[in-house]
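Participant: after the sequence you'll find the predicted model.
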Amino acid sequence: MPSSGGIRHACVLKSDWPVHQLWPPSGDKRGTDLDIVFFHGLQLTANDINHAWTSTWTQRGHDNVCWPQEWLPCDLGEAVRIFSVSYDVHILTSPHDHVSEIADNLFQNFVDRRYEWKRPIFLIGHSFGGLVLKNLVVKLERESTTRYPINSFSESTALRAKAFLRNVRGVAFYAVPHTGSTNIPTYVNKLLRCKNRHHRRIMANIEPYRRDMNLLSVDFDRIVTENEINIYAFCEGKPMEQEGILVEFSSAQQSARNNCYKVEDADHMEVCKPPSKAHPSYALLLQFIITCGQVAREFDQALQKFHDLPPSTFGQESYVKRLETLVTSEGSNGAPRYVGVWGMGGVGKTLLLEKVNGSPTVRRHFQGAVFIWLTVRQTPDVMALYRTLSEELGLKPKEHANPEDYKRYLHTQFIQRRVFLVLDDVWKDKAFESLDLAKGKGSVTLLSTRNQSLLERGSPRISQVQMTPLSKEDSWSLFCVHAFREPSNVPGELEVFAHLIAEECEGLPLALKVIGRAMYGKISPELQWEPVLKKLRRSRMQERTVEEELYECLKLGYDVLSEDDERLKDCFLHFAAFPEDHEFSFTDIFCHWVGEGWIPGNGEDDPRADAFSLLKKLCERSLIESIQLEEEFVVSDEYFLEFKIHDVLRDVAFYILKNDSSVPSAELLYLYQPGQNLKFLPQGLEGTLEEPSKVRRVSLYQNKLQYLPENLYAPELVCLLLGGNPMYALDSSLNSFPKLRILDLRNGRFGSLPEEIGELEDLVYLDLSECRNLQTIPDTVRNLHKLKCLMIRHCLELKYLPSGVVGLTSLQKLDILNCENLSWAEHTSSSTARAEFPDHDYATNRASFEDICELSSLTELSIVEVVKIPHNISALSNLKILYLQLRNLTTLPVNMPHWCMQLQQLEIDNSGSLKYLPKSFTCCGAFPALINLKINCTRLVEFPEVEDGALSKLRILEFSCCHSLKTLPLSLNYLTSLKKLILSICPKTLYESCMQNCEKAAVWRTPIFTCFRTMD
């Protein structure tokens, strides 16, 4: 527990406006139940800035006691994270101009994907810090534009902003001038007149600080009302040096609805410095946090995740200490230094750099510095890296600068700062020279590379650390962790073979991990272990480079995949179609695999469960890794699943495509060049009728292609991935790929699709997501009778879908979320009418929701702007996922539970007039397959009584923004499969009603009862 022995060092997370972790101590891995963030006030001079993040929050009369660090962990429990923010702004720097800039940079910190904000969050600000806090909340709300369910873009900033804002439970203000203050300028003027001759300039900076308060308060008040964020305020009760109260009660209260306590014995600077725990300025804050935290506490202990093996950190301790010594050998005013780590792929360089970058020793030494991590890769996009550097420094990226000018600009910024810059996976001298920017006093550049010659430079001089393979003992321990869970579990009859196979891995952690997982569960020495040993030894006997020997070793993990499932080999090779360090969402993988035919689109097995099973097996083999996993697989959580592949294992996939005899003519059939910054199409796709291209799969994902050339003819092409390219136009070349099954055009800049798209009769998957200029889709899509997945989300200019969509008779997934300008026809002629009038030009007609309901093969439908539900919706009897955003509807179809017999996930979003759900929704036999039900209806006043036998498989029931819902029926105890009941932004009375039901019925105590936030 904390002690009062003085303010301890904190961990600076990142950024020029760093976020300091006050508790728990650096390196502490304990779980977290609560996050609290403190924002200090405006400082008078530059000298006051350095320690404002702690000095603002000290005990009155005891400047060595930082009370958030010392008291809160004792009173709230040690499973709390406490941060304090600092920013380089004082009165001389024009705070009015900087407050939004500070909020923008803090926004980047708080939504950074490396930090998780899954627990209740409390934000606490003093004076100017409260205005920064409010600007941050407004920024979070403005960026939170993505609607649920979010499938392909869970990595987006908007999602992380929404997640952060959703978890904010309370905000506390200490003497914050919400509506301005007439006395602050007078006080500052008198205080500094004798110290600074430029007091007029100071006052000019203060004046804008007083303006625009009301506009900010209006925005903030709206956001906290909509998100039901609790507010508590403190006001000073003692004047400052006889200048009066700086922030009056009316300005400190924020809103008449909020509680505001006047601290009678404290002035403006003392109001946030409680003299003791019993003082109201601390005791009331503690009570506020505890009360809100109890109402919003999440019980999330039943999450079922993939089995996480211990981290592969064997043998790295000595390297960490050596690098710590090298990077901390000079002080803050020393010359910039360079430290390089080199070693072959798979030896553990990235993990080592992560350890050093997060080392408490390094963080303390570079306290106040900017920490930046860049993954450079073999073919880096230097301009994209420059934009990242700008964001890390809190600067606005330059969109149209050339590389030379951009580097000069960044040099002027870096030279003013102390920076700890990590450059991971640098391949070439040119890339290093482009990123050699950390030249400010006391700065350090730490880089990793496979190429020792890159470090042997005359200028700058780079201290080298060679990372060698693990020792025999560490190799054995690491191998046993993955093959047997731990060394003590090795069966005696396998020990000899296990030692020999571990030795064949030659101390490379990645090889030990992959081969270990390949051998996991194998029990026969003669039939399973000895053949693997012989295969590894045979591969050593052939003439190969060191890297090729590594690839051959790792290839064993690929070879054994067929033991689990024949499809796994193709699934693994599919990861080579994407750039290094690409993060794969579950939905993207699933749709591609359906398009390839590896996942059946129908049948008895759930195709999503099938895809998830394949991914799980690849994870268990350590060939890919999971990034973010939620609870046991249910369709509602699929969009939180992300995966990635180690760059060496990606190289192994390329090696297999080039050399493996079991993949015939792979080098000719696969054209994978993702993330290569290509502006022109590589050779291999061009062809003519006389000499057609033989290529079958092409990935040019995330390049810089703007057009497709005309001389294309690849009649065997089945997969074309062009996502992430600024394609301005698509001409008739699409009909050069008659067998195309997968077409990814996301992020294109074209305004229309060519009519020839209708000639791709074998097309199964079409992704037009994020094509923000797309205005029309041709009616010829009616000919795509085999299309199963159509993604059109975030097409902001798309006005309508053509009535030809009725021809998509095989369509199983349709996602048209966030197409803000899309509208539906009130009614469209039925298919019968079309048959009677075949010459009618329906290409000019808009599709209606009624047309969509004719697509009886749909299993997933996410649809927005629904004005009415047509009668023929009952034809969608195969639906498993349904997302409905309703407008001005007062009722839902009574027969819906009876035709939705296969529905597993249902989300109803209605901000209009829906007050009641049909009683048929909860009658016996209703929704027999439903797993997840989410209701987001602001005017819903009642959830119907549940009959025995209703919703028999329901595991998750969520109520969100149900502002008028006061109670839930006790009969929910008939939901015997329920695992989780979620209340989000609902009345406190609803929460209290649920707690009373828990006392009355034992079944009510079974679910994990989670309340994100109440309205009261």
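Facilitator: Received the coordinates, thanks.

Participant: what's the spacing between Phe642 and Glu625?
Facilitator: One correction, residue 642 is Glu, not Phe. Computed with C-beta to C-beta, to the nearest Å, the distance linking Glu642 and Glu625 is 10 Å. Where C-beta positions appear, they are placed from N, C-alpha and C, glycine not excepted.

Participant: more crowded one of these two?
Facilitator: Counted by other C-beta atoms under 10 Å, Glu642 and Glu625 do not tie: Glu642 has more neighbours, with 19 against 15.

Participant: which non-adjacent residue is nearest the more buried one?
Facilitator: Ile627 (4.1 Å; C-beta to C-beta, 6 or more residues apart in numbering).

Participant: what number of residues lie near Ile515?
Facilitator: 26.

Participant: got the CA positions of the host helix or strand of it in PDB?
Facilitator: For Ile515, the host element (DSSP states H and E) is helix 509-519. Extracted C-alpha coordinates of helix 509-519, given in PDB (Å, rounded to 0.1, in the frame of the first residue of the first chain):
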ATOM      1  CA  PRO A 509      12.300 -18.100 -29.500                       C
ATOM      2  CA  LEU A 510       9.900 -17.900 -32.300                       C
ATOM      3  CA  ALA A 511      10.900 -21.400 -33.600                       C
ATOM      4  CA  LEU A 512      10.800 -22.800 -30.100                       C
ATOM      5  CA  LYS A 513       7.300 -21.400 -29.700                       C
ATOM      6  CA  VAL A 514       5.900 -22.600 -33.000                       C
ATOM      7  CA  ILE A 515       7.500 -26.000 -33.000                       C
ATOM      8  CA  GLY A 516       6.600 -26.500 -29.300                       C
ATOM      9  CA  ARG A 517       2.900 -25.700 -30.100                       C
ATOM     10  CA  ALA A 518       3.200 -28.100 -33.200                       C
ATOM     11  CA  MET A 519       4.200 -30.900 -30.800                       C
END
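
Participant: list the helices and strands that helix packs on?
Facilitator: For helix 509-519, the packing partners by 3 or more C-beta pairs under 8 Å, 6 or more residues apart in numbering; DSSP states H and E come out as helix 472-484, helix 495-504, helix 530-541, helix 546-559, helix 647-659.

Participant: phi and psi next, for Trp342.
Facilitator: As for Trp342, its main-chain torsions (degrees, to the nearest 10) stand at phi -130, psi 150.

Participant: verify the stated contact: it with Met467.
Facilitator: Yes: at 6.9 Å, Trp342 counts as touching Met467 under the criterion of C-beta atoms under 8 Å.

Participant: which one of these two is surrounded by more residues?
Facilitator: Trp342 (22 against 16).

Participant: who are the contact partners of the more buried one?
Facilitator: 349, 448-452, 454-455, 464-467 (C-beta atoms under 8 Å, 6 or more residues apart in numbering).

Participant: between Trp342 and Met467, what contacts are shared?
Facilitator: With C-beta under 8 Å, 6+ apart, Trp342 and Met467 have common neighbours Lys349.

Participant: report pLDDT for the closest residue to Leu768 other than its chain neighbours.
Facilitator: Counting by C-beta to C-beta, 6+ apart, the nearest residue to Leu768 once its immediate chain neighbours are dropped is Ile792, at 5.1 Å. Ile792 carries a pLDDT score of 93 in this model.

Participant: same check, this time on Leu568
Facilitator: With respect to pLDDT, Leu568 has a value of 93.

Participant: residue contacts, it?
Facilitator: 561-562, 614, 617-618.

Participant: helices - which of those residues land there?
Facilitator: Of the contacts of Leu568, the ones assigned to helices by DSSP state H are 614, 617-618.

Participant: where's Ser752 relative to Arg621, distance?
Facilitator: Distance, Ser752 to Arg621, by C-beta to C-beta: 44 Å.

Participant: ok, the ones in helices among the contacts of Leu568 vs Gly61, which is closest?
Facilitator: Leu618 (60.1 Å; C-beta to C-beta).

Participant: was I right to think the closest one contacts Ile624?
Facilitator: Yes: assessed by C-beta under 8 Å, Leu618 is found in contact with Ile624 at 4.7 Å.

Participant: now list whatever residues contact both of these two.
Facilitator: Common neighbours of Leu618 and Ile624 (C-beta under 8 Å, 6+ apart) are Phe572.

Participant: surely the residue nearest to Glu642 forms part of a strand?
Facilitator: Yes: checked against DSSP: H, G, I helix; E, B strand; the rest coil, Ile627 lies within a strand.

Participant: that one contacts Leu615, doesn't it?
Facilitator: No: between Ile627 and Leu615 there is no contact under C-beta under 8 Å: 11.8 Å.

Participant: neighbours around Glu710, how many?
Facilitator: Neighbourhood size, Glu710 [other C-beta under 10 Å]: 11.

Participant: appreciated, that's everything.
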